[in-house]
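**Student:** here is my input; please provide its structure:
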Amino acid sequence: MTISHRTVRRSNHTTIRYTARGPAGGPALALIHGWACERGDFDAVIDHLPDDYRVLAIDLAEHGESRSGREVWTMEEFARDVAAVLEAEAVDRVVVAGHSLGGAVAVEVGRLLPDTVSHVVALDALHYLSLFPAMSEEQAEGMLRVFREDFAAGVRGLVEGGSPEGTDPALKEAYFEKMVAVRQPAGVRSIEGLVRWDMDAALREIRQPVTVFAIRELVAREAIERYGDRLEIVLVDLGSHHFPVESPKGTAELLAGVVAAEAVPPEPIP
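**Tutor:** So this is what the prediction gives:
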């Protein structure tokens, strides 16, 4: 299956790089990586997806090969990066899946493109009560202070927090080394954008179903009780917070199940 690497340009010297695979008319799936990660994290996942899917894996601004000189690092602005790719590819119906921060971005893509996005998928995202619901200014500043004063310590905390007991230390170190090297100031600014994102407000506005595939050991019962009526939370045992990298075949099966369900035409109304 031919894979092509493409570019779309936005304002503020923003160049978004993405990978496209599969026929233009196939069921479409957009993949959004997490904070301080890149679209290449989905390479093995894509290998396990059906060949007739149109798969678009996107580097958000200042991640991977994408570059930007902008000043705005909100989830809404990242969603516009994704929307620019979907427009360039003339996609009229798509399932949007995002890992970690990418899950928040996927929700915003759904809000931005209500007639294009049919389903939002969050890969171990949206259920972390330490981030959501919206924080007070004092709480937000407390969390951000860690990253501003000792960025490496902040990254280390994220990696440890997303690693269930028994996670291979070498894996954790690899994730840390990759994420701590995120380009700045976008790295800190995008964490700020996530911390200040109002997920509850976004969920009230979007029309699409939202499915969360969450690592069982990382989900608090309180999160299920709080969001179970708005999110379909499916508990999985595929590794750590970075399970798309660790379990690409299992991740592909989860995503394919959603895409296949969306491809089934609705029952006619009697």
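**Student:** where does pLDDT dip in this protein?
**Tutor:** 1, 264-270 (pLDDT under 70).
**Student:** tell me where the stretch 51-200 of the chain has strands.
**Tutor:** 54-58, 94-99, 117-123 (DSSP state E, counting those that start in this stretch).
**Student:** name the residues that touch the longest one?
**Tutor:** So the one you mean is strand 117-123. By CB atoms under 8 Å, 6 or more residues apart in numbering, the list of residues contacting strand 117-123 from outside reads 93-100, 102-103, 106-107, 109-110, 206, 208-214, 231, 243-244, 251, 254-255, 258, 261-262. The C-beta positions use only the backbone N, C-alpha and C, and glycine is treated the same way.
**Student:** pick the most buried one from the strands of the stretch 51-200 of the chain.
**Tutor:** Mean neighbour count (mean count of other CB atoms under 10 Å) peaks for strand 94-99 among those, with a mean of 28.
**Student:** quick check: chain neighbours aside, which residue is closest to residue 153?
**Tutor:** Leaving aside its chain neighbours, residue 153 sits nearest to residue 146 (6.3 Å; criterion: CB to CB, 6 or more residues apart in numbering).
**Student:** my guess is the one you found meets residue 155, correct?
**Tutor:** No. Using CB atoms under 8 Å, residue 146 is not in contact with residue 155; the gap is 9.6 Å.
**Student:** tell me which of these two has more neighbours.
**Tutor:** It is residue 155, of residue 146 and residue 155, that has more neighbours when counted by other CB atoms under 10 Å, with 24 against 16.
**Student:** how near is residue 161 to residue 171?
**Tutor:** 14 Å (CB to CB, to the nearest Å).
**Student:** so between the two, which is more surrounded?
**Tutor:** Between residue 161 and residue 171, residue 171 has the larger neighbour count (other CB under 10 Å), namely 16 against 11.
**Student:** so who does that one touch?
**Tutor:** Taking CB under 8 Å, 6+ apart, one finds 163, 240, 242, 246 in contact with residue 171.
**Student:** that one and residue 143, how far apart?
**Tutor:** For residue 171, the distance to residue 143 - CB to CB - is 25 Å.
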